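Chemist: return a 3D structure for these sequence lines:
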Amino acid sequence: MSSQSAASRYHDTYAAWKADPQAFWAEAAKAIDWFEPPKTIFDAGAGPYGRWFPDAVCNTCHNAVDRHVANGRGDQAAIIYDSPVTGAKATITYAELLVRVKALAGALADLGVAKGDRVIVYMPMVPEAAVAMLACARLGAIHSVVFGGFAARELATRIDDAQPKIIVSASCGIEPNRTIAYKPLLDEAIATATHKPAGTIILQRPQVQAALTPGYDHDWAEVTAKAAGRDVPCEPVKATDPLYILYTSGTTGAPKGVVRDNGGHMVALAWSMKAIYGVDPGEVFWAASDVGWVVGHSYIVYAPLIAGNTTIVFEGKPVGTPDPGTFWRVIAENKVAAFFTAPTAFRAIKKEDPNGTFIGQYDLSSLRTLFLAGERADPDTIKWAEEKLKVPVVDHWWQTETGWTIAGNPVGLGILPIKYGSPTVAMPGYDVQVIDDAGHPVKPGTLGNVVVKLPLPPACLPTLWNADERFRASYLAEFPGYYKTADAGIMDEDGYLFIMARTDDIINVAGHRLSTGGMEEVLASHPDVAECAVIGVHDALKGQSPCGFVVLKAGVTKDPAQIEKELIGLVRDKIGAVAAFKLAITVERLPKTRSGKILRGTMQKIADHEEWKMPATIDDPATLAEIETAIRARGIGV
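Modeler: Presented below is the predicted three-dimensional model:
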């Protein structure tokens, strides 16, 4: 490896963790204020695979807010709110955040919320969403954030599973071209659900005023004004008590409630802010995500505030609010040091502004690093971002279940050489291996199942909400002794990991196991392609055949049929005839979830003429109709 690798402390740090995991995490735990510090670091006999810091007592809100005020950081900005869709901007200091959190915690307590109770938070991207999460943490209540505007039916299933005492919501969410009234969706969900919450707290936004039912629906402004000024102390909770439940889609259609505990979560996130993201207390860190997703939980709300950073709550889109320069404006105005977003966002910007014209209009001298996660970061997108931003572009890989990075490039320990297409190496806490379907290790460079040797590190899910057996069946049963990531990938001779696809995105073409991600990487390298998705469609002869959908960059005038022909040739040249790639289809856009993940599974069902259900997380349902039209026009599956 290069001198850059030799200068990094990563290898020594990883070796120290592997030699004595408990000593490593005991040291990391010193960054947290404990009411009762841990005497036992790990109990291997507790839970499905063990529990971290089982005898410690703590409070997450204290660590994210109170201690910073007590330590003289009260006047520092805690949250910067920037909403290009409404034109609103605000800065909230740590001292002001403490006042707001105490007031809402008092209001929740007045409505009967206590330690162990659940509260659903159904909110848009406004600072009050973070206030609601922290207020729950203060009381020792367990929050479950549901993406604002989520379908009533899906919200109802989460109400029945979590059984919240109270739901905290807002009158509306605001998209670039529409306003979504939340209260009718919330009312329908409560009416549909078997479990009935005791009431709601509704934040009234000026764009839409919700009709409130007296005695059941409570106005945020009124109940927090009533509780203002009251001292609401942080409730001591066990480190192993749940901080939150975050639902992720289950293969059976029933959502899985990923549980996050208090103690291990704080320890791992605090460690990650310096070691992985390389930011110090007082610096501005921006994760352009949503509080409804795990990135929003970990890196909009909890990690930056626990570490004493300034975090940004952004209500907008990478393009169209108002233009492809909105990210650069926010970075320039707020002196952002590290920026974290999804590759999908960059592909959208690259499509609309391929020459990076908007980037040149802003002073981005504060920005040291761009981090990408959420979907595979294709090399073409990374190279474009490097060239235009002139900073390291760091891909990293993790999951809702883990809550923080499995594999990454730890900037704070000294950046390692970047290999395009790889999220780099396993972080301390994760013994990542690649195995075959029988559970045997594969040779370097061989595609296989990516797994993590148990136990998982702090902050990873200890189980699913009220479903230990489902947790074991979903994650631990297939490969005993390992956590199944359900991702397929390759590890090279240097220990660099390449995530190629979800294991259900590996297609079988005439007996050859092929990665759709590898084909997407080739398609994305074409100079006219903005983004793409490859799926496997049923083939009576070969089992499956790959089909690529491509979105072209803005301003491309070449005949799409010619580009499709070039793409077929490109895959043949780069991967070989074994790929049997003979079909590329140009489309206006790809169907995605609101977090930017491409809905490949649904696309495949459409192509194979199977029954499919509108995904609850879809950003724009019309995109699936467009894909269906494109598929039928080519006679696929007929």
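Chemist: contacting residues for Ile627?
Modeler: By C-beta atoms under 8 Å, 6 or more residues apart in numbering, the residues touching Ile627 are 549, 587, 590-591, 603, 606. The C-beta positions use only the backbone N, C-alpha and C, and glycine is treated the same way.
Chemist: just the buried residues of those.
Modeler: Buried by 16 or more other C-beta atoms under 10 Å: 549, 587, 590-591, 603, 606, out of these.
Chemist: and which of those residues is nearest Val291?
Modeler: Of all these, Pro591 has the smallest distance to Val291: 23.0 Å, by C-beta to C-beta.
Chemist: residues touching the closest one, list them.
Modeler: If you count contacts by C-beta under 8 Å, 6+ apart, Pro591 has them with 598-599, 602-603, 618-620, 623-624, 626-627.
Chemist: show me what contacts the nearest residue to it once chain neighbours are set aside?
Modeler: Counting by C-beta to C-beta, 6 or more residues apart in numbering, Pro591 lies nearest to Thr623, which is 3.8 Å off, once chain neighbours are set aside. By C-beta under 8 Å, 6+ apart, the residues touching Thr623 are 589-592.
Chemist: quick one: which of those has the lowest pLDDT value?
Modeler: The pLDDT minimum for the contacts of Thr623 sits at Lys592, where the score is 88.
Chemist: still on that earlier bit, ChimeraX command to pick out the buried ones of the contacts of Pro591?
Modeler: Only the buried members of the contacts of Pro591 end up in this ChimeraX selection, burial being decided by 16+ other C-beta under 10 Å:
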select :598,599,602,603,618,619,623,624,627
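Chemist: among the contacts of Pro591, which one sits closest to Thr93?
Modeler: Among the contacts of Pro591, Asp619 lies closest to Thr93 (C-beta to C-beta), at 33.9 Å.
Chemist: okay, now the unreliable bits of the protein?
Modeler: Along the chain, segments meeting pLDDT under 70 span 1-6, 249-253, 503-506, 508, 510-513, 542, 578, 637-638.
Chemist: can you give me the domain boundaries for it?
Modeler: 3-316+396-489, 510-633 (automatic domain parsing).
Chemist: how about the secondary structure of Val313?
Modeler: Three-state assignment for Val313 (DSSP: H, G, I helix; E, B strand; the rest coil): strand.
Chemist: grab the nearest non-local neighbour of it.
Modeler: Of all residues not flanking Val313 in the chain, Tyr81 sits nearest, at 4.9 Å (C-beta to C-beta, 6+ apart).
Chemist: count the neighbours of that neighbour for me.
Modeler: Using other C-beta atoms under 10 Å, the number of residues around Tyr81 comes to 19.
Chemist: how much space between it and Ala44?
Modeler: Tyr81 sits 44 Å away from Ala44, going by C-beta to C-beta, to the nearest Å.
Chemist: what about the closest residue to Val208 other than its chain neighbours, neighbour count?
Modeler: In space, and not counting its chain neighbours, Val208 is closest to Cys172: 3.8 Å by C-beta to C-beta, 6+ apart. Using other C-beta under 10 Å, Cys172 is surrounded by 22 other residues.
Chemist: Leu364: what secondary structure?
Modeler: Per three-state DSSP, the secondary structure class of Leu364 is coil.
Chemist: for it, phi and psi?
Modeler: Phi and psi for Leu364, reported as degrees, to the nearest 10, are phi -110, psi 30.
Chemist: so which of the domains of the chain gets nearest Ala342?
Modeler: Closest approach to Ala342 among the domains of the chain is made by domain 510-633 (4.3 Å; C-beta to C-beta).
Chemist: that older thread, quick one: strands adjacent to the host helix or strand of the residue nearest to Val313?
Modeler: Assessed by DSSP states H and E, Tyr81 sits inside strand 77-83. Counting by DSSP bridges, the strands paired with strand 77-83 are strand 88-93 (antiparallel), strand 310-314 (parallel).
Chemist: among those, which comes closest to Cys58?
Modeler: Cys58 sits nearest to strand 310-314 of all the strands paired with strand 77-83, at 20.8 Å, using C-beta to C-beta.
Chemist: nearest residue to the middle of the protein?
Modeler: In the chain, the C-alpha nearest the mean C-alpha coordinate belongs to Val295, at 3.5 Å (C-alpha atoms, centre = their mean).
Chemist: contacting residues for that one?
Modeler: Contact analysis of Val295 by C-beta under 8 Å, 6+ apart lists 287, 289, 340, 373-374, 595.
Chemist: apply 10 Å and report the result again.
Modeler: 287-289, 340-342, 373-374, 398, 400, 403, 595 (C-beta atoms under 10 Å, 6 or more residues apart in numbering).
Chemist: equivalent analysis for Gly292, please.
Modeler: Gly292 neighbours (C-beta under 10 Å, 6+ apart): 121-125, 129, 145-150, 246-247, 594-595, 617.
Chemist: and it, how close does it get to Leu372?
Modeler: Distance, Gly292 to Leu372, by C-beta to C-beta: 19 Å.
Chemist: sheet partners, orientation included, of the helix or strand hosting Phe371?
Modeler: Element membership for Phe371 (DSSP H and E) is strand 369-372. Strand pairing for strand 369-372, determined by DSSP bridges: strand 336-341 (parallel), strand 393-395 (parallel).
Chemist: okay, and the residue nearest to the centre of the chain sits in which element?
Modeler: Following DSSP H and E, one finds Val295 within helix 294-295.
Chemist: ok, the buried ones among the contacts of Ile627 vs Val99, which is closest?
Modeler: Nearest to Val99 out of the buried ones among the contacts of Ile627 is Pro591 (C-beta to C-beta; 42.9 Å).
Chemist: OK, contacts around Ile499?
Modeler: Residues near Ile499 by C-beta under 10 Å, 6+ apart: 375-377, 395, 397, 406-407, 421-423, 450, 485, 487-490, 515, 517.
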